[in-house]
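> just the structure for this:
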Amino acid sequence: MPINIPYKLPAREILENENIFLMDDNRAATQDIRPLNILILNLMPEKERTETQLLRLLSNSPLQVHVQFLHTESYESKNVSKSHLKQFYKTFPQVKNNRYDGMIITGAPIEHLPFNEVSYWQELTEIMEWSKDHVTSVLHICWGAQAALHYHYGIGKYQLPEKLTGVFNHLLTNTTVKLVRGLDDQFLAPHSRFTEVNEKEILACEDLILLSSSQQAGPFIMISKDERHVMITGHFEYEAETLAQEYYRDTAKGLKRDIPTDYFPDNDPNQKPANRWRSQAYMLFSNWLNYYVYQETPYKWR
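Sure thing, here's the model as predicted:
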C-alpha cells in the first residue's frame, strides 16, 4: 500500500529503509483514485516511535492511504517536541468538521487511573462520540480499547496484581468474522499493561463479538456487531525490541518488574528477542482496512 505521509516525518526514512511503499503529495495527486483518509489519535508518550509502528502495519495492502495524526488539546505530551506536534499533528477542533474513512486510537500508559481522572478523558469522550457520525470504522488499541469498551458498552477495567508483559499464545474463538480471516487458529501477540477486561462481561454484551482470547492475557480481539468498532487489548504494532526497551527503562528506574513472559530467548534479558507476531499483525490491519474501511466507506461523504 502506498502511504501518503508528510515528506519530513521522521518515520519516513525508517520506513523507506525497510522498503515500505511511501508516496508524496505530488505523486498521489497524479493517481485518479480517492485515498482512504485515516485519522490516528496518538496517545502514546513516544509519539514518533508509535507513528512508525502504525504506518508500517498500514502498508500491507494495494490501497492508497492518507494519514492525519491527532493529539490531545487538553494534555500536552512531555516526550515529543512542540515543533513535531505543530508540523505533523492537528487537534480535534481542527478536524471535527471532516469525515474520515478510518480512525485508530492508540494505547496510553495511564491504566492505573480511573477513566474520569484521566486529564483528557472529557476530550476523548467527545472524540469517541464524534466518531459515531464522522468515521466509518475505529480501531482501538490497548488502553484505547479499554476506553472504548467502557464508553460505548459500559464494560469496566480491572487492576492486575502485577504488570502483564510478554508474548502470549492466543486462540481464535470465532473464525467466521472477516476481521480474522487468514489468521492462524493459534498465534502469538505481545501485551504490556496493568489492567484487564473481564471475558464474561464481553461475552454477555449483546453488541460485541469476542474473536480471540488468551488463557494468560484474557480477551484480545473484539468487534462490535455493527462492525464500527474493533478493540485489541494487546500491541500487535510493537516491534521486536519494544518490550525489552520498556523492561530496561523500568528496571533502570529501580522499578520491580518481572522479565516479560516467553519473550527473551532462554528468558535471558541479555539476548535479542525476535518478532514472532509480525505476519498476524499485518494480516489483521490489512483485513481491517479492506473489509471495514475500504469496502464500507462511501466514495463521497455527504
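> and residue 38, what does it touch?
58, 65, 66, 67, 68, 100, 101, 102, 103, 104, 293 (Cβ atoms under 8 Å, 6 or more residues apart in numbering). Every residue, glycine included, has its C-beta placed from N, CA and C.
> phi first, then psi, for it.
phi -110, psi 130 (degrees, to the nearest 10).
> secondary structure element for residue 189?
strand 186-196 (DSSP states H and E).
> what's in contact with that strand?
Contacts for strand 186-196 (Cβ under 8 Å, 6+ apart): 107, 111-112, 142-143, 146, 157-160, 163-172, 214, 217-218, 220, 233-236, 238, 242-243, 246, 260, 263, 276-277, 280-281.
> keep only those of those residues that are in helices.
When DSSP state H is applied, the contacts of strand 186-196 are split such that 143, 146, 242, 243, 246, 280, 281 fall in helices.
> and the helices in the stretch 51-200 of the chain?
82-88, 92-95, 121-134, 143-153, 199-204 (DSSP state H, counting those that start in this stretch).
> just name the most buried of those helices.
Most buried of those, by mean neighbour count (mean count of other Cβ atoms under 10 Å): helix 143-153, with a mean of 22.
> one step back: buried subset of the contacts of strand 186-196?
107, 111, 142-143, 146, 157, 163-168, 170, 172, 214, 217-218, 220, 233-236, 238, 242-243, 246, 260, 263, 277, 280-281 (16 or more other Cβ atoms under 10 Å).
> look up phi and psi at the nearest residue to residue 203 once chain neighbours are set aside.
Leaving aside its sequence neighbours, residue 203 sits nearest to residue 210 (Cβ to Cβ, 6 or more residues apart in numbering; 6.0 Å). Dihedral angles of residue 210 (phi, psi; degrees, to the nearest 10) stand at phi -80, psi 120.
> so for residue 210, what's the pLDDT?
Confidence at residue 210, expressed as pLDDT, is 98.
> and the gap between it and residue 47?
From residue 210 across to residue 47, the span is 31 Å (Cβ to Cβ, to the nearest Å).
> residue 124 now?
Taking Cβ to Cβ, one finds residue 124 at 16 Å from residue 47.
> next one: residue 229
In terms of Cβ to Cβ, residue 229 sits 23 Å off from residue 47.
> can you count the residues close to residue 265?
For residue 265, the neighbour count with other Cβ atoms under 10 Å is 10.
> which non-adjacent residue is nearest it?
Going by Cβ to Cβ, 6+ apart, residue 265 has residue 271 as its nearest residue, at 4.3 Å.
> state the distance from that neighbour to residue 243.
13 Å.
> what do you get for residue 223?
Counting by Cβ to Cβ, the gap from residue 223 to residue 243 is 26 Å.
> go on, residue 260?
From residue 260 to residue 243 the distance is 5 Å (Cβ to Cβ).
> about what we covered before: could you verify my assumption that the residue nearest to residue 265 touches residue 264?
Yes: using Cβ atoms under 8 Å, residue 271 is in contact with residue 264, at 5.4 Å.
> quick check on those two: which one has the bigger neighbour count.
residue 264 (20 against 12).
> show me where pLDDT drops low in the protein?
1-8, 10-33, 299-302 (pLDDT under 70).
> repeat that with 90
1-35, 48, 59-66, 74-87, 111-112, 256, 294-302 (pLDDT under 90).
> helices or strands next to the longest strand along it in the packing?
In the chain, with assignment by DSSP state E, the single longest strand is strand 158-172. If you count contacts as 3 or more Cβ pairs under 8 Å, 6 or more residues apart in numbering; DSSP states H and E, strand 158-172 packs onto strand 186-196, strand 208-214, helix 242-252.
> right, and these - which one's nearest residue 84?
helix 242-252 (19.7 Å; Cβ to Cβ).
> now the longest strand of the chain and helix 242-252, what's the angle there?
Using axes from the mean of the first three to the mean of the last three Cα atoms, to 10 degrees, the inter-axis angle of strand 158-172 relative to helix 242-252 is 160 degrees.
> just give me how far strand 158-172 sits from the chain centre.
Counting by Cα atoms, centre = their mean, to the nearest Å, strand 158-172 is centred 17 Å from the centre of its parent chain.
> contacts for it, please.
By Cβ under 8 Å, 6+ apart, strand 158-172 touches 111-112, 180, 183-198, 211-217, 220, 234, 243, 246-247, 257-258, 260-263, 276-277.
> stretch 283-292 too?
Here stretch 283-292 has contacts from 1, 36, 57-58, 60-61, 63, 65, 102, 136-137, 139, 178-183, 221, 227, 230, 232, 236, using Cβ under 8 Å, 6+ apart.
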